[in-house]
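Peer 1: Generate coordinates for the sequence data below:
(chains A and B)
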Amino acid sequence: MSRFLRTAVLVLAALLFAVPLVSSGVFGFSLPTTGWTLDPLLGAVQNSQFRDQLLASLTLALLTTLAALALLIPTLLHLHLRLPQALPVAEALSVLPMVVPAVALVNGANLTFRATVPGFLTSMYSLVPFYVVLTLPLVYRSLDAGFRAIDLRTLVQASTSLGAGPIRTLLRVVLPNLRAAMLTASLLSVTLVLGEYALATLLLHNTYPVFLAQTGQDSPHAAAALAVLTLLGTWLLLSAFSLAGRRPRTGATT
Amino acid sequence: MSSALHDVRATTAVVARRVPNLTALKHLALAPYVLLLIVFLVVPLLANVWTAVHDSEGNWSSSAFQKVLEPQYLSSFRDTALLSATTAILGGILGLVLAWALTGDQVPRRLRDALLSFSGAASQFAGVPLAFAFIAALGTQGLVTTTVHDATGWQITDTMRLQDFWGLTLVYLYFQTPLMAILVLPAIAGLRREWLESAQSLGAGRARYLWDITLPITAPAVAGAVLLLFANAFSAYATAYAISGGGANLVAVMIGFFISGNVLLDESFAAALVTGMVLVVALALLGRWLLLRRTTRWMR
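Peer 2: So this is what the prediction gives:
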């Protein structure tokens, strides 16, 4: 009985979740007069802004992810090895960005930086630190979980007693053991940045979601086609990390 | 002899002085992390609050907040809170049902795995693409709308337009429900089979078990998750903006409207709106934090 009910719930959920995706697929890849077609999609993709703004989003995603990893891995390493008593504070700080909605952050950024460093916000790259902050709650937690899952102290001591210096220990012992957590954190960061709309549009930077929003006003069929591809792409990216998490840990255990 | 002793004392004093320096150095390694948060989160937030309580000449003033309390602006706070509460509660209930179905180990595995990974992704779907997917389904020329119209002659958009309250509710439920499921899954999976068996062997029925065991154990996690859903909906901007084209009477959309310079900008007023919004979200998340401290005690 319970098995039947659970299965029924899951089937119903799957059907309901599919409605907007299927609709947007059908709407995006067909025209009332011509039937199935790629024309709306191709029209949008051949727009030179599509390439530029997708590239901008990909660049921002890459830079944000690298910056977050470069900042958080040494910080977490230090916290876990030398300063475990400060871990709760660092964790509390990492969820702080959830309190400040994106539109609120934009207004604060305008007030702060237009007065002090006027040129800063006009550069697209000024989004990177804000994106690191916005993605911090999820990225910090997934990296921290990786650190908690390994016996860091023993690994570092073993590596040191075998004669490895700190850099060698970091590169050959610590990082390989954190591979799954780093991949999870990176995929989350990339997905969130690729989809971020509020900061980009309100700080007047042309990223992929801004292009998508613009397309929606000019050609709804193309927007629907891009929307379904974007949503399915997000699902693919994020399910890659559940696979990464499931794979048995390999690395410097030999 | 006395000079050697003096040397030892001097060295000890130096070492003793260095030890606190070392702890200070240990904390210094956190500087980049803390600095990032200060410069790109705390200072902008404080700049907002400062601007909200000062007028354009820099004198203390509460006029910006008084303006927020005027009916036309207060109504957007009320509408946002209503939308957030509705989607948090409905999404909370649906998400619980979904999470319950996902924890069954006899359901078809492929279906369960697919929905599990989909829920993880869909909880992050909020934004422009989701808005367009819904417009393609339930907009005036949407697939569902036209299909229903052809079959029954009923135009859905006459009853429910996507930019109206229930339309937005439906769209928000698309990410709120899976988010709820993901959030409560650990708490539901943490319910031990032995607890049910012990309860039954002591004579409790299903309902009694649900009421006396399941509810008290999962209540803090469930309530905390609902509060996060509320904060999530209250902060959402992109989805509502893309669905309504900026026409929705929601706080986030209104702030976006002020920032884009569509109206003569009153800095203090925009800052007061932002401060109000942050206060609401902060209260919800504070409640969640207090509740979660209770949950983790049980789940260890």
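
Peer 1: Every contact and neighbour count from this point should use C-alpha atoms.
Peer 2: Fine.

Peer 1: Name the residues of the stretch 101-250 of chain B found near chain A, please.
Peer 2: B:101-102, B:104, B:106-108, B:111-112, B:115, B:117-118, B:120-122, B:124-125, B:127-130, B:132-137, B:142-144, B:174, B:235-238, B:242 (CA under 8 Å from any CA of the partner chain).

Peer 1: Strands of the stretch 151-254 of chain A, residue ranges please.
Peer 2: With DSSP state E, counting those that start in this stretch as the criterion, the stretch 151-254 of chain A has no strands.

Peer 1: closest point of it to chain B, which residue?
Peer 2: Across the stretch 151-254 of chain A, no residue is closer to chain B than A:Ala227, which sits at 4.3 Å (CA to the nearest CA).

Peer 1: out of everything not next to it in sequence, what's closest to that residue?
Peer 2: Excluding the flanking residues, the one nearest A:Ala227 by CA to CA, 6 or more residues apart in numbering or on different chains is B:Pro129, at 4.3 Å.

Peer 1: what's the answer for A:Leu87, then?
Peer 2: Going by CA to CA, 6+ apart, A:Leu87 has A:Leu79 as its nearest residue, at 6.2 Å.

Peer 1: which stretch of helix or strand covers that neighbour?
Peer 2: helix A:48-82 (DSSP states H and E).

Peer 1: Please identify the buried residues of that helix?
Peer 2: For helix A:48-82, burial by neighbour count (16 or more other CA atoms under 10 Å in any protein chain shown) applies to A:50, A:53-54, A:56-65, A:68-69, A:71-73, A:75-80.

Peer 1: which parts of the stretch 51-200 of chain A sit against chain B?
Peer 2: Near chain B, when you scan the stretch 51-200 of chain A using CA under 8 Å from any CA, you find A:71-72, A:75, A:78, A:82-83, A:97, A:99-105, A:107-109, A:111-112, A:129-130, A:133, A:192, A:195-198.

Peer 1: check contacts around B:Val144.
Peer 2: By CA atoms under 8 Å, 6 or more residues apart in numbering or on different chains, B:Val144 lies in contact with A:23, B:137-138.

Peer 1: go again using 7 Å as the cut-off
Peer 2: Taking CA atoms under 7 Å, 6 or more residues apart in numbering or on different chains, we find B:Val144 in contact with B:137-138.

Peer 1: Show me chain B divided up by domain.
Peer 2: B:1-52, B:63-299 (automatic domain parsing).

Peer 1: how distant is the longest one from the center of its chain?
Peer 2: Right, domain B:63-299. Relative to the chain's own centre, domain B:63-299 is displaced by 8 Å; criterion: CA atoms, centre = their mean, to the nearest Å.

Peer 1: could you dump stretch B:155-169 to CSV, C-alpha only?
Peer 2: Taking Å, rounded to 0.1, in the frame of the first residue of the first chain, the C-alpha atoms of stretch B:155-169 are listed here in CSV:
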residue,chain,number,x,y,z
GLN,B,155,-9.4,30.2,-21.5
ILE,B,156,-7.2,29.6,-18.4
THR,B,157,-5.7,33.1,-18.5
ASP,B,158,-9.2,34.6,-17.9
THR,B,159,-9.2,32.9,-14.5
MET,B,160,-5.5,32.9,-13.6
ARG,B,161,-2.8,35.0,-15.2
LEU,B,162,0.8,34.1,-14.4
GLN,B,163,1.6,37.6,-13.1
ASP,B,164,-1.3,37.4,-10.6
PHE,B,165,-1.0,36.1,-7.0
TRP,B,166,-2.0,32.4,-7.8
GLY,B,167,0.0,32.4,-11.0
LEU,B,168,3.2,33.5,-9.2
THR,B,169,2.4,31.0,-6.4
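
Peer 1: got the contact list for that stretch?
Peer 2: B:83, B:87, B:139-140, B:145, B:149, B:243-244, B:248.

Peer 1: Which positions in stretch A:165-175 come out as buried?
Peer 2: For stretch A:165-175, the neighbour count (16+ other CA under 10 Å) marks A:169-170, A:173-175 as buried.
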